[in-house]
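Trainee: Below is the structure, and that's it, no one-letter string:
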């Protein structure tokens, strides 16, 4: 059976984080799960593209916009399933077995086609990281709106049926999630960087993210939101 997964990672000056992200994927290579690695770069000026070349990744380039980068990367994917990760996210050990079990679906075709995401955990210690991650995981379960830093595992057929990632600079993950049904949480941690929270403050950044989500759901333009978000 051919390896089913096309891994798609959007990057922009991600050289500091990308190697650890790729390192966490190695068990998927060993288990015969990963068909290809696609790096969709938005114009990095550091060593990101050299790292991609060193590991034999397919490199897709274009304007910096996470939605556009993901759309371009997924468009060239050849695997039956897409595994979308951010460059600053590392999957916890044992993820390959959990994903393999999900793909097999225990003979249940409905489950086999179900898209999935992982449980968020910040690579930081303390109460604040636990509370923020806990809220993100609860939001995902209650409302079916995981963010991109929780990863996405989706069949290519279901991805195309949902209309693909929109070419927008922010909330592309939420927009796609809104079109999906039966999103499932897998027993794998997506261990992501806490740099923005540590820089801005956990309460400030968390509140800002929640406000951005609410404004988007109420119809705000993603380009306008992106300008505020990246200040």
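Mentor: Yes, it's here. Note that the structure is a prediction, hence the values are computed from the model and not measured. Numbering: from 1, shown residues only.
Trainee: what's the following helix or strand after the lowest-mean-pLDDT helix or strand in the chain?
Mentor: Ranked by mean pLDDT, DSSP states H and E, the helix or strand of the chain with the weakest confidence is helix 109-112, at a mean of 50. Counting by DSSP states H and E, the next helix or strand C-terminal to helix 109-112 is strand 116-122.
Trainee: And for that following strand, what's in contact with it?
Mentor: For strand 116-122, the surrounding residues in contact (CB atoms under 8 Å, 6 or more residues apart in numbering) are 91-92, 95, 102, 129, 132-133, 136-137, 140, 146-147, 149-154, 183-194, 197. Yep, even glycine has a C-beta here, placed from its N, CA and C like the rest.
Trainee: can you check stretch 14-26 too?
Mentor: Contact partners of stretch 14-26, identified using CB under 8 Å, 6+ apart, comprise 7, 9, 11, 34, 37, 44, 46-48, 50-52, 55, 85-93, 95, 193.
Trainee: which among the residues you listed end up buried?
Mentor: 7, 9, 11, 34, 37, 44, 47-48, 51-52, 85-91, 95, 193 (16 or more other CB atoms under 10 Å).
Trainee: sorry, back to before: for ChimeraX, write the select line for the buried members of the contacts of strand 116-122.
Mentor: Only the buried entries of those go into this ChimeraX selection, using 16+ other CB under 10 Å:
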select :91,95,102,129,132,133,136,137,140,146,147,149,150,151,152,153,154,183,186,188,189,190,191,192,193,194,197
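Trainee: Looking at the contacts of strand 116-122, which are in strands?
Mentor: Under the assignment DSSP state E, the contacts of strand 116-122 contribute 91, 152-154, 184-192 to strands.
Trainee: State the pair within those residues that is farthest apart.
Mentor: Greatest spatial distance among the ones in strands among the contacts of strand 116-122 (CB to CB): 154 and 191, at 20.5 Å.
Trainee: Helices of this protein, residue ranges please.
Mentor: 18-24, 26-30, 48-54, 66-75, 95-104, 109-112, 127-143, 156-161, 172-179, 195-200, 202-217, 222-229 (DSSP state H).
Trainee: Just send these back as CSV, with distance to residue 121 too.
Mentor: Formatted as CSV, the helices of the chain follow (distance: least, CB to CB, whole Å):
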stretch, distance to residue 121
helix 18-24, 13
helix 26-30, 18
helix 48-54, 24
helix 66-75, 21
helix 95-104, 13
helix 109-112, 25
helix 127-143, 5
helix 156-161, 25
helix 172-179, 17
helix 195-200, 13
helix 202-217, 14
helix 222-229, 22
